[in-house]
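Participant: whatever this is, show me its structure:
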Amino acid sequence: KAVMEQEALDPKGFIRIIMQPDAPVLGIIMPEICKNYKHLRIDHIICLDHPPGGGYQKDELYNIKMLKFLIPVIIFSNNENYRIYHYYDQVASHFSSASLLPCMVLTNHYVINMNASMNKGVIIKDKEIIEFYDKLFRELKQGCRILLKWIEDKENFCGFFDFKNKTENVMYTVSQQPYVGELKMEKPTKIISYCTKKGLRIFAEKEIKEKKQENDSGSVKGNSRLLLLRKLLDALKHEKYELYFMKENRIDFPKELHIYSYGLTDTVFMYVSEKENIKFILNEKSFTKILHEFFRDFMKTPQVSSLEESIRYMELLIDELS
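Facilitator: Numbering: from 1, shown residues only. Have a look, this model is predicted:
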């Protein structure tokens with residue numbers, strides 16, 4: 001941390017990292033470094049597991065576990081200068097306990113080499129050795145692909161999908177509240193939205209509460225949220241939209257997180273809080289394919305309620321608000 005912070009004081013500073021996402025130091029140090037030093041360019045190389053014999057196995061969980069560790073770091077760092085590069089190999093051959101010092105942090109002034117457990121290491125400040133390690137890092141990076149693409153605040157994620165070839169006609173969304181961005185009956189894309197009953201009620205009642213706060217009499221004239229719910233119910237009945245409730249006693253889904261999956265190649269993550277609006281798209285098909293297949297089959301699991309239950313609850317909620 002001290003080496004990184006020293007490098008961050010240099011306006012032209014950089015940090016180069018070779019380290020797996022499950023290293024505890026990443027979750028502790030990286031978000032703070034990225035947030036406090038936005039100018040600092042950080043290149044991070046990780047290895048994703050490629051099973052022997054080639055191809056991807058559906059039950060291969062290692063890569064998804066690595067994504068699980070990375071997502072919080074990406075969200076809370078919120079810095080496009082933090083760039084993650086990946087390559088495929090047998091992870092155990094590089095980062096097993098028998099491997100000698102496979103982890104590295106490189107700056108203009110130091111090289112730190114550490115073992116896989118990150119409890120032993122050496123620090124070097126010889127300029128020629130730093131240049132040698134820098135050359136090795138660049139060569140490895142040339143064989144890597146970048147893991148994600150940041151989406152600017154002004155760019156709507158639907159705009160990203162608009163210029164894609166419409167090879168898929170279904171978009172999956174997962175969030176506490178239902179997705180209501182596109183409910184046009186004439187659009188060919190079907191929306192399948194996973195949300196919670198609590199999230200739907202919060203969405204439906206928000207405008208009522210705001211108007212009652214503005215109006216001391218407590219009366220509410222007009223309710224655009226109610227109109228949206230009716231439009232949503234109409235789309236449900238015309239099979240242009242599907243809504244499934246995640247069972248809140250089984251799934252604790254963060255209210256700030258939104259996930260959108262369009263086809264096998266595009267998955268967008270959004271983290272929307274009172275202070276931040278963070279959007280990025282996964283750029284790695286092995287991840288997006290697994291996520292897309294999961295969302296496609298999620299409706300068949302006991303973790304969500306049926307489509308019929310969603311329609312009944314929506315009708316009751318509309319009657320109540322009316």
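
Participant: please enumerate the strands of the stretch 151-300 of the chain.
Facilitator: According to DSSP state E, counting those that start in this stretch, the stretch 151-300 of the chain carries its strands in the segments 170-174, 190-195, 241-245, 257-262, 266-272, 277-282.

Participant: contacts only, for the residue most central in space within the chain.
Facilitator: Closest to where the C-alpha atoms of the chain average out (CA atoms, centre = their mean) is residue 269, at 3.9 Å. For residue 269, the contact set (CB atoms under 8 Å, 6 or more residues apart in numbering) comprises 71, 74-75, 257-259, 278-282. C-beta coordinates here come from the backbone N, C-alpha and C atoms, glycine included.

Participant: pick the one among these closest to residue 133.
Facilitator: Lowest distance from residue 133 to these (CB to CB) belongs to residue 74, with 25.4 Å.

Participant: please report how far that closest one lies from residue 318.
Facilitator: For residue 74, the distance to residue 318 (CB to CB, to the nearest Å) stands at 38 Å.

Participant: ok, the contacts of residue 269 vs residue 3, which is closest?
Facilitator: Nearest to residue 3 among those: residue 74, at 22.1 Å, using CB to CB.

Participant: ok, that closest one to residue 135 distance?
Facilitator: 28 Å.

Participant: more neighbours, those two?
Facilitator: residue 74 (23 against 10; other CB atoms under 10 Å).

Participant: what strand or helix carries the more buried one?
Facilitator: Using DSSP states H and E, residue 74 sits within helix 62-77.

Participant: which residues are in contact with that helix?
Facilitator: Contacts to helix 62-77, defined as CB under 8 Å, 6+ apart, come from residues 20-22, 26-27, 30-31, 33-35, 46, 48-49, 82, 84, 91, 147-148, 269, 271, 278, 280, 286-287, 290.

Participant: what about those, which are in strands?
Facilitator: The members of the contacts of helix 62-77 that map onto strands under DSSP state E are 46, 48-49, 82, 84, 148, 269, 271, 278, 280.

Participant: between the strands of the stretch 151-300 of the chain, which one is nearest to residue 105?
Facilitator: Closest of those to residue 105 is strand 277-282, at 23.6 Å (criterion: CB to CB).

Participant: buried residues, that closest one. List them.
Facilitator: For strand 277-282, burial by neighbour count (16 or more other CB atoms under 10 Å) applies to 278-282.

Participant: what's the closest of those to residue 100?
Facilitator: Of all those, residue 282 has the smallest distance to residue 100: 32.4 Å, by CB to CB.

Participant: tell me the bridge partners for the residue nearest to the centre of the chain.
Facilitator: On the basis of DSSP bridges, residue 269 is bridged to residue 259, residue 280.

Participant: how close does it get to residue 14?
Facilitator: Residue 269 is 26 Å from residue 14, where distance means CB to CB.

Participant: returning to what we had before: got TSV for the strands of the stretch 151-300 of the chain, with distance to residue 120 and mean pLDDT too?
Facilitator: Compiled in TSV, those are given as follows (distance: least, CB to CB, whole Å; pLDDT from 0 to 100):
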stretch	distance to residue 120	mean pLDDT
strand 170-174	41	91
strand 190-195	45	91
strand 241-245	49	93
strand 257-262	36	90
strand 266-272	35	88
strand 277-282	34	88
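
Participant: and the angle from the one helix or strand residue 317 maps to to strand 190-195?
Facilitator: Assigned by DSSP H and E, residue 317 belongs to helix 307-321. Angle of helix 307-321 versus strand 190-195, following axes from the mean of the first three to the mean of the last three CA atoms, to 10 degrees, is 70 degrees.

Participant: CA atoms of helix 307-321 as CSV?
Facilitator: Extracted in CSV, the C-alpha atoms of helix 307-321 (Å, rounded to 0.1, in the frame of the first residue of the first chain):
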residue,chain,number,x,y,z
LEU,A,307,-45.4,-15.8,-14.1
GLU,A,308,-49.0,-16.3,-13.1
GLU,A,309,-48.2,-15.1,-9.5
SER,A,310,-46.5,-12.0,-11.0
ILE,A,311,-49.7,-11.1,-12.9
ARG,A,312,-51.9,-11.7,-9.9
TYR,A,313,-49.7,-9.5,-7.7
MET,A,314,-49.6,-6.8,-10.3
GLU,A,315,-53.4,-6.7,-10.6
LEU,A,316,-53.8,-6.5,-6.8
LEU,A,317,-51.2,-3.7,-6.5
ILE,A,318,-52.9,-1.7,-9.3
ASP,A,319,-56.3,-2.1,-7.7
GLU,A,320,-54.8,-1.0,-4.3
LEU,A,321,-53.1,2.1,-5.7
